[in-house]
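Asks: The sequence isn't on hand, but the structure is:
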């Protein structure tokens with residue numbers, strides 16, 4: 001029996017995407033938010049289509065969860081792709097001032113173009129887009145310097161689109177996390193699940209934890225400088241690597257939780273998501 005693929009496309013996302021496509025006609029600037037741990041897996045396949053000719057600001061959130069060496073490598077890679085990344089930790093406010101500054105600057109350019117065409121200046125409209133739980137609402141609250149939109153460390157908190165005025169010069173559209181209707185790249189889907197950037201209804205904890213364990217082992221074998229700590233699982237749980245992720249889960253369950261594999265899988269994923277295994281990127285630049 002083949003493993004069912006990870007799929008999650010709840011009704012509120014389908015509805016939000018339809019509304020987003022409609023609102024994009026009014027938008028001047030697109031703030032795309034990605035998860036620093038998985039910059040490629042957290043890039044929405046339709047983002048280029050949504051941006052079109054609009055100004056694009058790339059926000060790489062959760063910078064606190066990857067090492068400085070990985071930040072440097074990603075910055076170089078993205079610059080080679082003609083992208084300027086802004087690395088942030090929206091939860092704690094790090095890097096937000098630079099994002100605010102570039103958003104306002106984009107706004108100034110929009111109004112200069114309007115004036116050249118004989119139109120009056122107006123508040124610039126920006127939209128914040130990205131997968132669920134990458135930190136869009138936390139980013140907006142930091143830009144506004146107050147808690148205006150609900151923000152929680154789980155996918156699916158924002159369920160509808162909402163315009164918020166940042167200043168006389170800038171309005172921001174908060175959107176729910178958007179996913180493709182079909183997650184064709186299952187390797188990326190597993191990474192989204194590991195990082196909690198997709199609803200828990202989409203996946204099996206044990207399968208995702210076992211995949212995570214094996215992914216860490218592959219990263220270590222590749223020995224990319226600055227991309228994987230030496231044996232993060234062994235350091236945390238004092239348990240030698242096993243032949244497969246499933247075997248590691250089982251061995252750890254027997255060692256710590258009286259054989260409760262589900263509880264063990266949940267613990268490993270929570271430890272990774274909260275940074276207890278150290279600063280661990282799951283992707284290196286190609």
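Replies: Now that the structure is in, tell me what you want to look at. Bear in mind that the values here come from a model prediction, so they are computed numbers and not experimental data.

Asks: going forward, measure contacts and count neighbours with C-alpha atoms only.
Replies: Fine.

Asks: now stretch 111-120, how far from the centre of its chain.
Replies: Mean C-alpha position of stretch 111-120 versus that of the full chain (CA atoms, centre = their mean, to the nearest Å) differs by 35 Å.

Asks: Tell me the span between the first and last residue of it.
Replies: Between the start and the finish of stretch 111-120 there is a gap of 8 Å, counting by CA to CA, to the nearest Å.

Asks: Over to stretch 16-36?
Replies: Stretch 16-36: ends 24 Å apart by CA to CA.

Asks: what sits up against that stretch?
Replies: The contact list for stretch 16-36, computed with CA atoms under 8 Å, 6 or more residues apart in numbering, reads 42-43, 47, 50-51, 54-63, 65-66, 87, 103, 106-107, 110, 124-131, 134-136, 159-161, 175-176, 178, 281.

Asks: Put the buried members of the residues you listed into a PyMOL selection.
Replies: For anyone working in PyMOL, the buried entries among the contacts of stretch 16-36, judged by 16 or more other CA atoms under 10 Å, can be selected with:
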select buried, resi 42+43+50+51+54+55+56+57+58+59+60+61+62+63+65+66+87+103+106+107+110+124+125+126+127+128+129+130+131+134+135+136+159+160+161+175+176+178+281
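
Asks: remind me which residues of the stretch 101-250 of the chain are low pLDDT?
Replies: Counting by pLDDT under 70, the ranges of the stretch 101-250 of the chain that qualify are 149-159, 226, 228-229.

Asks: so where do the helices sit in it?
Replies: Under the criterion DSSP state H, counting those that start in this stretch, helices of the stretch 101-250 of the chain are mapped to 136-144, 186-194, 205-222, 232-237, 245-256.

Asks: Could you identify which of the ones you listed is most buried?
Replies: A comparison of those by mean neighbour count, using mean count of other CA atoms under 10 Å, puts helix 136-144 on top with a mean of 23.

Asks: Return the distance of the residue of the chain positioned farthest from its centre relative to residue 111.
Replies: Counting by CA atoms, centre = their mean, the extreme residue of the chain relative to its mean C-alpha position is residue 118, 39.8 Å from that point. When CA to CA is applied, the distance between residue 118 and residue 111 equals 10 Å.

Asks: same deal with residue 216?
Replies: Here the criterion is CA to CA. By it, residue 216 lies 48 Å from residue 111.

Asks: Over to residue 199?
Replies: Residue 199 sits at a distance of 39 Å from residue 111 (criterion: CA to CA).

Asks: how about the strands in the protein?
Replies: Ranges of strands within the chain are 29-35, 55-61, 85-88, 124-129, 162-165, 170-174, based on DSSP state E.

Asks: quick check: angle from the fourth one to helix 136-144?
Replies: Here the directions of strand 124-129 and helix 136-144 differ by 150 degrees (axes from the mean of the first three to the mean of the last three CA atoms, to 10 degrees).

Asks: Once you drop chain neighbours, what's closest to residue 167?
Replies: Using CA to CA, 6 or more residues apart in numbering and skipping residues adjacent in sequence, the residue nearest residue 167 is residue 123, 8.0 Å away.

Asks: Next up, the contacts around the one you found.
Replies: In this structure, residue 123 makes contact with 107, 167, 168, 169, 170, 171, judged by CA under 8 Å, 6+ apart.

Asks: Going by neighbour count, which of those are buried?
Replies: In the contacts of residue 123, burial by neighbour count holds for 107, 170, 171, counting by 16+ other CA under 10 Å.

Asks: what sits against the first one?
Replies: Contacts here follow CA under 8 Å, 6+ apart; on that basis residue 107 touches 28, 29, 123, 124, 169, 170.
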